[in-house]
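Participant: Would you be able to build a 3D model of this:
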Amino acid sequence: MMRAILALIGIAALVLVGLMALGMLRFEQQDDAALPKIRFSMEEGRMPSFKAETGKISVGSTNTTVELPTVEMRNTTISLPTLEVEQASNGTAAAKEE
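Facilitator: Numbers count the residues shown, from 1 in each chain. Okay, here's the model as predicted:
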């Protein structure tokens, strides 16, 4: 279970890096971050804000003529392996026979 979660996190990180490398995802920091100032009274810090721009992907369809192979179906008699399963007795019948 833990491996699966780590694998998903790794795949997500690779997808994120790939999108950034292709220019489909770009992050720009808009505000600077600041650590909290600690004195006798503490003032809150400030988280940076980011603006994310994403690319666009359009999906559509077009009609094109392509050559496709044909498949022929025919009936033929062949020999198949068989398997017979017999359930084990519950033990009481075996005890009576002895």
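
Participant: Which neighbouring elements make contact with the longest helix along the chain?
Facilitator: Criterion DSSP state H: the longest helix present in the chain is helix 2-21. Applying 3 or more Cβ pairs under 8 Å, 6 or more residues apart in numbering; DSSP states H and E, one finds that helix 2-21 makes contact with strand 25-29. Heads up, the C-betas are built off the backbone N, CA and C, glycines and all.

Participant: lowest-pLDDT helix or strand in the chain?
Facilitator: When each helix and strand of the chain is scored by mean pLDDT, DSSP states H and E, helix 92-97 comes last, with a mean of 52.

Participant: what residue ranges in the protein score low on pLDDT?
Facilitator: 38-42, 88-98 (pLDDT under 70).

Participant: Swap in 80 and give it another go.
Facilitator: Along the chain, segments meeting pLDDT under 80 span 36-43, 45, 85-98.

Participant: What lies in contact with the longest helix of the chain?
Facilitator: Residues from elsewhere that reach helix 2-21 (Cβ atoms under 8 Å, 6 or more residues apart in numbering): Leu25, Arg26, Phe27.

Participant: swap in stretch 50-67?
Facilitator: With contacts defined as Cβ under 8 Å, 6+ apart, stretch 50-67 is touched by Leu22, Gly23, Met24, Leu25, Arg26, Phe27, Glu28, Gln29, Gln30.

Participant: still on that earlier bit, now the buried members of the contacts of helix 2-21.
Facilitator: With burial judged by 16 or more other Cβ atoms under 10 Å, the buried subset of the contacts of helix 2-21 is Leu25.

Participant: Nearest spatial neighbour of Arg26, chain-adjacent residues omitted?
Facilitator: Among residues not flanking Arg26 along the chain, Glu53 sits closest, at 5.0 Å (Cβ to Cβ, 6 or more residues apart in numbering).

Participant: And the furthest pair within the contacts of stretch 50-67?
Facilitator: Taking Cβ to Cβ, the two most distant members of the contacts of stretch 50-67 are Leu22 and Gln30; they sit 23.1 Å apart.
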